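Chemist: Build me a structure from this.
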Amino acid sequence: MNIAILQNRRGFTLIELLVVIAIIAILASLLLPALSKAKLKATGANCINAQKQLILASFLYTDDNDDYLIPSSYKSMSMVGGGYWAGPSPEFTVGTSVEEAMRRVRKGLTNGPLFKYIANENSYHCPGDLRTRRLKPGRGWAFDSYSKVEGINGFTGWNNVVPYKKASSVHDPSSSMVFVEETDPRGYNIGTWALWVEPIRWVDTFAIFHGNWSTFAFVDGHAEGHRWKDSRLIDAARRAGETGANTLDWPGASAQNPDFRWVYDRFRFVNWKPLP
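Modeler: Next up is the predicted model:
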């Protein structure tokens, strides 16, 4: 029997079916990258919105507390979670379920200074955060996608960084970061986000859940994204977020590195000095 005239139940020949399947496969290969790009753009927009909510909540805290910036010590507790919330209570251990981990996250958030103004835990989380999808509690899983920078009422004592205490004391609010999108590989974002300034060096990783860019919020109330160029930075951030690899203190920091200079110029504190 000639295969060209072999027909299926709907009247198509086998060759016609193969052509249709090939066309569908080609269209899918063209469409999937566009859908992936659209998804990254959507999570990026949601992340910018979360940053705006956090910075608005920090404004409200400052207004209610004699101009003080959100602290890293609150009600006699150290805000170990990202430098501005109490961290999971108790901390995660290997074998903790995701449901139990979320209960601990919620409890830790209620003990932080921003919970009064922003009680929805999703505002502290980027929907593109890979740690909640690819890792397990106690093995890199984390729900908090943002950290406060050390120069904004931080813990004091980090590498000769003297933090700002009050909003009115910040010299350049539009260039002073408050929140950084971070992927701490240790299980949640522990402590404030920082870099070494004497001598200059990277320390804490960024989150790159929207392509190779991350979101930031500033003292003046605006939020923005920055696209990274340094392959070493991108690799460190990606491995921390996808596999939980400890990539802290990765190489590449220098005054000639445009990514490092961009961040350093916005990592402000009382005794900040520009790079040469």
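Chemist: For the chain, which segments count as strands?
Modeler: Chain-ordered strands for the chain, with DSSP state E as the definition, fall at 73-74, 77-78, 146-148, 177-181, 196-197, 200-201, 213-218, 223-227.
Chemist: partners of the first one, with directions?
Modeler: Same thing as strand 73-74. Here strand 73-74 has these sheet partners by DSSP bridges: strand 77-78 (antiparallel).
Chemist: quick one: residue 75 from residue 113, how far?
Modeler: 8 Å (CB to CB, to the nearest Å). C-beta here means a position set from N, CA and C on the backbone, and glycine is covered the same way.
Chemist: out of the two, which sits in the busier spot?
Modeler: residue 113 (24 against 10; other CB atoms under 10 Å).
Chemist: Now do the contacts for the closest residue to residue 179 other than its chain neighbours.
Modeler: Leaving aside its chain neighbours, residue 179 sits nearest to residue 217 (4.2 Å; criterion: CB to CB, 6 or more residues apart in numbering). By CB atoms under 8 Å, 6 or more residues apart in numbering, the contact list for residue 217 reads 51-52, 54-55, 146, 177-179, 223.
Chemist: Just the closest of those to residue 168, please.
Modeler: Of all the contacts of residue 217, residue 178 has the smallest distance to residue 168: 14.6 Å, by CB to CB.
Chemist: Tell me if I'm right that the closest one and residue 222 touch.
Modeler: No - taking contacts as CB atoms under 8 Å, residue 178 lies outside contact range of residue 222: 10.4 Å.
Chemist: anything in contact with each of these two?
Modeler: Contacts common to residue 178 and residue 222, judged by CB under 8 Å, 6+ apart, are residue 55.
Chemist: And these two? Which one has more around it.
Modeler: More crowded of residue 178 and residue 222, by other CB under 10 Å: residue 178, with 30 against 14.
Chemist: Please name the residues that touch the more buried one.
Modeler: Residue 178 neighbours (CB under 8 Å, 6+ apart): 54-55, 58, 69-70, 148-149, 152, 217-219.
Chemist: what's the closest of those residues to residue 230?
Modeler: Among the contacts of residue 178, and counting by CB to CB, the member closest to residue 230 is residue 149, at 19.3 Å.
Chemist: which residues does that closest one contact?
Modeler: Neighbour list for residue 149: 83, 177-180, 192-194, 267 [criterion: CB under 8 Å, 6+ apart].
Chemist: before we move on, what about residue 212?
Modeler: Counting by CB under 8 Å, 6+ apart, residue 212 has contacts 227-228, 234.
Chemist: returning to that earlier point: from the contacts of residue 149, list the buried ones, please.
Modeler: Among the contacts of residue 149, those classed as buried by 16 or more other CB atoms under 10 Å are 83, 177-180, 192-194, 267.
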